[in-house]
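Student: this one's structure only:
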Ligand code: ATP
Ligand code: MG
Ligand code: MG
Ligand code: MG
């Protein structure tokens with residue numbers, strides 16, 4: 001590519017609101033432009049990086065046995081009602097109506113569509129396993145879109161899905177994707193860790209790993225052990241429980257009692273529980289005669305607020321209305337708590353017990369009991385233990401070594417879904433014995449656009465990004481210092497043509513600009529290999545620089561430079 005023909009949109013300064021280094025550099029280099037909050041255009045330079053990344057992902061997913069398809073971004077609401085996620089998903093789901101007042105959503109993910117496809121297309125065990133992936137735009141109305149491509153409202157995801165006849169098949173596919181992800185992120189030159197994670201909102205029955213690119217700007221905390229291979233995100237991390245000495249305030253035998261007479265509304269209860277449960281994963285609520293009626297677990301406050309408003313048409317519920325709530329929604333349902341706590345309440349003890357089981361993640365999780373003294377009115381809280389996350393000084397529960405904490409950006413997520421979606425959407429097949437069975441599913445995501453920011457975060461410096469060769473928009477930048485010097489122009493152009501014809505992505509700075517401007521732009525464009533054609537051009541010499549190795553420059557023959565590339 002000749003630079004004069006390119007849309008070159010480098011900026012001397014980034015807009016002040018761009019906090020993250022990657023965001024600033026992607027704006028300054030002219031890779032992306034914001035169209036609206038969390039919504040970006042990829043300029044040609046950024047699009048090149050995107051294409052390179054997609055290619056790596058496609059190669060590795062194909063190698064893992066997955067076939068590419070493309071599913072619609074616009075999806076009928078009915079599908080989401082079938083899975084229960086039309087309300088479950090909360091306000092991140094963008095809901096629209098078409099001209100016939102039929103509901104549609106803009107897909108934040110594709111479990112519903114892909115499962116309904118599998119249900120329709122697959123009938124026999126002979127057609128399984130089925131492995132599909134796509135690279136598609138996703139829509140999530142994030143509360144706080146930020147840091148450029150790191151958290152967008154419209155973003156690119158690679159999502160993959162596997163359908164198996166049994167759990168062993170799922171495990172094989174899951175492991176194959178885990179291996180593929182390691183290769184993808186290694187090829188992208190990313191520093192990353194695969195960490196154990198919590199199942200969370202997507203549901204499903206089991207194992208899940210998050211792939212975290214290590215970077216200080218990351219929103220997640222990664223807990224790793226320096227001596228064994230233990231790695232988990234903060235929510236999941238377990239640590240070595242020391243023997244409880246006396247006086248540390250959380251012994252089970254001496255519960256702290258907190259009386260809260262006068263709580264009359266769910267709002268008040270929610271506020272109370274919010275404060276009390278800050279150190280707890282879950283809170284049990286009992287009737288005066290000791291029957292568990294509810295369990296309150298930590299989660300996403302926004303989603304429940306949304307459910308309340310949409311499903312129940314209420315912002316606040318009177319405690320007296322609990323029965324109505326149960327009648328309208330059935331358990332589980334929820335209400336909003338303060339401080340971002342999601343407080344689903346399960347109104348019967350069976351659902352409560354199930355939820356308790358499902359939410360006991362680590363050994364460090366403890367319960368908090370609230371006794372319901374006067375029905376509908378007063379509560380008594382009883383702390384039977386602290387819940388806390390792992391923290392500095394805690395030791396690995398496997399080997400006793402001190403745990404290390406760092407920040408991470410979730411760039412990938414693999415998940416054993418099991419039968420949650422196959423059951424909801426009727427994805428069955430006839431097994432070897434002629435019986436109907438549920439397909440066993442896994443789902444696997446990579447934040448494609450987010451990964452570009454994560455890489456920029458790791459490979460960015462003061463003056464620009466030095467891309468790894470695999471992602472660089474151009475691998476080589478040929479820069480004749482003076483456009484007025486015939487020898488420089490000639491040698492630079494010859495080198496450019498030679499590299500181009502051998503399939504290298506090369507950029508030629510053929511502009512008539514001052515050297516300072518050319519070099520500043522070159523830093524921002526970020527090609528890892530730079531060939532400067534200056535005064536020595538008359539002797540056929542050029543200045544060679546591999547920017548991945550540092551600032552060192554070397555004067556070599558032009559032919560030698562072409563060979564090195
Ligand atoms: P997060 O915890 O960051 O909100 P998530 O767990 O909601 O992400 P998943 O549902 O696991 O995301 O989606 C798969 C992948 O899509 C994530 O691992 C992440 O890399 C990417 N992703 C999710 N949300 C966004 C977003 N708003 N902008 C860019 N990429 C995203
Ligand atoms: Mg999210
Ligand atoms: Mg996440
Ligand atoms: Mg995730």
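Tutor: That came through fine. None of the values given here were measured: they were computed from a predicted structure. Ligands and ions are numbered 1, 2, ... in the order given.

Student: contacts for stretch 541-555 next, please.
Tutor: With contact meaning C-beta atoms under 8 Å, 6 or more residues apart in numbering, stretch 541-555 is reached by 466, 468-469, 491, 495, 527-534, 536, 556-558, 560-561, 564. Where you see a C-beta, it was placed from the backbone N, CA and C, and this is true even at glycine.

Student: span of it from start to end?
Tutor: For stretch 541-555, the first-to-last residue distance is 6 Å (C-alpha to C-alpha, to the nearest Å).

Student: tell me if stretch 125-139 is near ligand 1.
Tutor: No - Stretch 125-139 stays clear of ligand 1 (C-beta under 6 Å from any ligand atom), getting no nearer than 7.1 Å.

Student: can you list the low-confidence ranges for the stretch 151-300 of the chain?
Tutor: 199-205, 242-300 (pLDDT under 70).

Student: can you rerun that using 50?
Tutor: The stretch 151-300 of the chain contains residues with pLDDT under 50 at 201-204, 244-257, 264-266, 276-282, 292-300.

Student: what parts of it come near ligand 1?
Tutor: The stretch 151-300 of the chain comes close to ligand 1 at residues 151, 152, 155, 157, as judged by C-beta under 6 Å from any ligand atom.

Student: that older thread, tell me which of the contacts of stretch 541-555 fall in helices.
Tutor: 491, 495, 558, 560, 561, 564 (DSSP state H).

Student: of those, closest to ligand 1?
Tutor: Nearest to ligand 1 among those: residue 564, at 35.5 Å, using C-beta to the nearest ligand atom.

Student: got the contact list for that closest one?
Tutor: 544, 556.

Student: report pLDDT for it.
Tutor: pLDDT recorded at residue 564 is 92.

Student: look up how far residue 495 lies from it.
Tutor: Applying C-beta to C-beta, to the nearest Å, the value for residue 564 to residue 495 is 12 Å.

Student: phi, psi of the closest residue in space to residue 77 that isn't next to it in sequence?
Tutor: Once flanking residues are discounted, residue 77 sits nearest to residue 103: 3.1 Å by C-beta to C-beta, 6 or more residues apart in numbering. When read as degrees, to the nearest 10, the backbone of residue 103 gives phi -80, psi 140.

Student: quick one: end-to-end length of stretch 530-542, please.
Tutor: OK, stretch 530-542 end separation, C-alpha to C-alpha: 10 Å.

Student: check contacts around the residue in the stretch 151-300 of the chain positioned nearest to ligand 1.
Tutor: The nearest approach of the stretch 151-300 of the chain to ligand 1 comes at residue 155, 3.6 Å away (C-beta to the nearest ligand atom). Residue 155 is in contact with 137, 138, 140, 149, 447, 448, 449, 450, counting by C-beta under 8 Å, 6+ apart.

Student: mind redoing it with 7 Å?
Tutor: By C-beta atoms under 7 Å, 6 or more residues apart in numbering, residue 155 lies in contact with 138, 149, 447, 449, 450.

Student: pretty sure the second one contacts residue 454?
Tutor: No - in this structure residue 149 lies outside contact range of residue 454 using C-beta atoms under 7 Å: 8.8 Å.

Student: what about the closest residue to ligand 1 within the chain, neighbour count?
Tutor: Closest approach between the chain and ligand 1, counting by C-beta to the nearest ligand atom: residue 447, at 2.3 Å. By other C-beta atoms under 10 Å, the residues close to residue 447 number 25.

Student: what's the closest non-adjacent residue to it?
Tutor: residue 411 (5.4 Å).

Student: distance check, that neighbour against residue 105.
Tutor: Shown here: residue 411 relative to residue 105, a distance of 25 Å by C-beta to C-beta.

Student: please apply the same query to residue 5.
Tutor: 41 Å.

Student: more neighbours: those two, which one.
Tutor: More crowded of residue 5 and residue 105, by other C-beta under 10 Å: residue 105, with 21 against 9.

Student: lowest average confidence, helix or strand, in the protein?
Tutor: When each helix and strand of the chain is scored by mean pLDDT, DSSP states H and E, strand 333-336 comes last, with a mean of 33.

Student: before we move on, back to that, quick one, what contacts the residue nearest to residue 447?
Tutor: So residue 411 contacts 185, 192, 211, 213, 446, 447, 450, 451, 454 (C-beta under 7 Å, 6+ apart).

Student: sweet, I'm off.
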